[in-house]
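Asks: what would the 3D arrangement of this be:
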Amino acid sequence: MNLPPFARRLLRPLLDPYRRYRHAKLIHAIRVSIGLLATILLTTGINLPHGEWASVTMLVVIGGLQHHGNIGKKAVERAYGTLIGASVGLLLVAQQAYLGQPLLTYLLMSVVCGFFSYHAIGKGGYTALLSGITVFIVAGHGDNPLSDGLWRTVDILIGIALALAFSFALPLYAVYSWRYNLASALRDCATLYSRIISGQSVTDDEHLKLLNRLNAAMLQLRSLMPSVSKEVRISMTELDAIQRHLRLCISTLEILGNTRPDPRDEQAMARVQLALKTQHRQIRVQLIGMARALQSGATQRLERPGQAVPVTQAALEAPVHSALDGYRLLTAQLAANVDAMHARLAKSAKAWKI
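Replies: Numbering: from 1, shown residues only. Below is the predicted model of the structure:
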């Protein structure tokens, strides 16, 4: 889309993925507020009975979910739960109106909700839980008029439709969070590696702070993977492989910090720096290059042929005779792991670059 320069400047905060990621909470709050206003105006404008349930549904579907992949999944589960719960609720209202036995209605409702609760633990639990809730929304304690149950079902479905519509307004993709968090983690890995090879302390607060931040990033990236897989059609297997490379990188850095030569032994440190100078530089270049490509979307950085020093299987399997040999072997393994991660990100770049 060719926009005038002033329009591009005006819309840049909304169109730039990184800015949308940085201000995701604000955008989400504004979107939910506008969505709720739309449901209120629609249901009151056409005078729908029990229109408040459309607003409740809007909050249930997107209120606590900002990522587009999650919203779509929750909306589908909410729709199934609504249809199942509404059908059961209407049947309970019908039998109450026909038989007029409140105690039987209470027993049936308890049994049905017990059944839903049994299935609420485990896969499909959200749908089962919503089914049980919708039974009471539609039927009350069995004494709601049938027309009220039908109107509430309609209101809930309207809320689902509007929630989906607003999820497409400035969508906050999980892949953005995945990309930028992974980029930040790779930068932290590069910083950690620089501290290790330059002889800085691996027990001070700054070093431990970096490690804690990397461990937290690992957990956050893991939680984003299912949504990312749905949004950009990258298999969970591929995302797991990238995650595994990051985990190996962090683990290797922790071990490297504890096996490097004593920084007080200047001669040993100098020999290591000279022997591994090329590997040191290449590892840092690749870590920063991957981080920049993930954040900027400039995937041509990943397509450039690597300058990595080849690591042979014989080198990896060579016997370890000293702590220095172990340090060299770990550095070779780290280089191979970073190179493999670089290749995987390049392979999947067309999918995650959105």
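Asks: Leu42: neighbouring residues, count only.
Replies: Neighbours of Leu42 under the rule other Cβ atoms under 10 Å: 16. Glycine gets a C-beta too; all of them are placed from N, C-alpha and C.
Asks: try Asn212
Replies: Residues lying near Asn212 (other Cβ under 10 Å) number 10.
Asks: against Ile242, how distant is it?
Replies: Noted for Asn212: a distance of 21 Å to Ile242, by Cβ to Cβ, to the nearest Å.
Asks: before we move on, what about Leu108?
Replies: 50 Å.
Asks: where's stretch 163-179 relative to the chain centroid, distance-wise?
Replies: For stretch 163-179, the distance from its own C-alpha centre to the chain's C-alpha centre is 11 Å (Cα atoms, centre = their mean, to the nearest Å).
Asks: for the stretch 251-354 of the chain, which spans come out with low pLDDT?
Replies: Along the stretch 251-354 of the chain, the model assigns pLDDT under 70 to residues 260-276, 301, 303-325.
Asks: quick one, helices of it?
Replies: Counting by DSSP state H, counting those that start in this stretch, one finds helices in the stretch 251-354 of the chain at the ranges 266-275, 277-296, 300-303, 313-316, 323-352.
Asks: which one of these lies nearest to Ser167?
Replies: Nearest to Ser167, of all these, is helix 323-352, at 19.7 Å by Cβ to Cβ.
Asks: ok, Arg233 - contacts?
Replies: By Cβ atoms under 8 Å, 6 or more residues apart in numbering, the contact set of Arg233 is Ala351.
Asks: what backbone torsions are found at it?
Replies: Backbone torsions of Arg233, given as degrees, to the nearest 10, read phi 60, psi 40.
Asks: and stretch 194-207, end to end?
Replies: End-to-end distance for stretch 194-207, by Cα to Cα, to the nearest Å: 11 Å.
Asks: what's the spacing between that stretch and its chain's center?
Replies: Once both centres are worked out by Cα atoms, centre = their mean, stretch 194-207 turns out to sit 30 Å from its chain's centre.
Asks: where does this structure have low pLDDT?
Replies: For the chain, the ranges with pLDDT under 70 are 1-16, 64-72, 169-170, 260-276, 301, 303-325.
Asks: can you give the domain ranges for it?
Replies: The chain breaks down into these domains under the TED database: 16-169, 174-352.
Asks: packing partners of the longest helix belonging to the chain?
Replies: Of all the elements of type helix in the chain, the one with the most residues (DSSP state H) is helix 68-99. Under the contact definition 3 or more Cβ pairs under 8 Å, 6 or more residues apart in numbering; DSSP states H and E, helix 68-99 sits against helix 52-62, helix 102-119, helix 125-139, helix 146-167, helix 174-197, helix 205-232.
Asks: tell me what angle the third one forms with helix 146-167.
Replies: Translated: helix 125-139. Relative orientation of helix 125-139 versus helix 146-167 (axes from the mean of the first three to the mean of the last three Cα atoms, to 10 degrees): 140 degrees.
Asks: about what we covered before: what angle separates the longest helix of the chain from helix 125-139?
Replies: Using the same axes, to 10 degrees: helix 68-99 against helix 125-139 is 40 degrees.
Asks: buried set for helix 68-99?
Replies: Neighbour counts using 16 or more other Cβ atoms under 10 Å place 68-75, 77-86, 88-93, 96 of helix 68-99 among the buried residues.
Asks: give me the contacts around stretch 283-291.
Replies: Residues outside stretch 283-291 that contact it (Cβ under 8 Å, 6+ apart): 182-184, 186-187, 189-190, 193-194, 301-302, 306-308, 331, 334-335, 338-339, 341-342, 345.
Asks: how about 10 Å then?
Replies: By Cβ atoms under 10 Å, 6 or more residues apart in numbering, the residues outside stretch 283-291 that reach it are 179-180, 182-194, 197, 249, 253, 276, 298, 301-302, 304, 306-309, 331, 334-335, 337-339, 341-342, 344-346.
Asks: could you do stretch 95-113 as well?
Replies: Here stretch 95-113 makes contact (Cβ under 10 Å, 6+ apart) with 85, 88-89, 91-93, 120, 128-129, 131-133, 135-136, 139-146.
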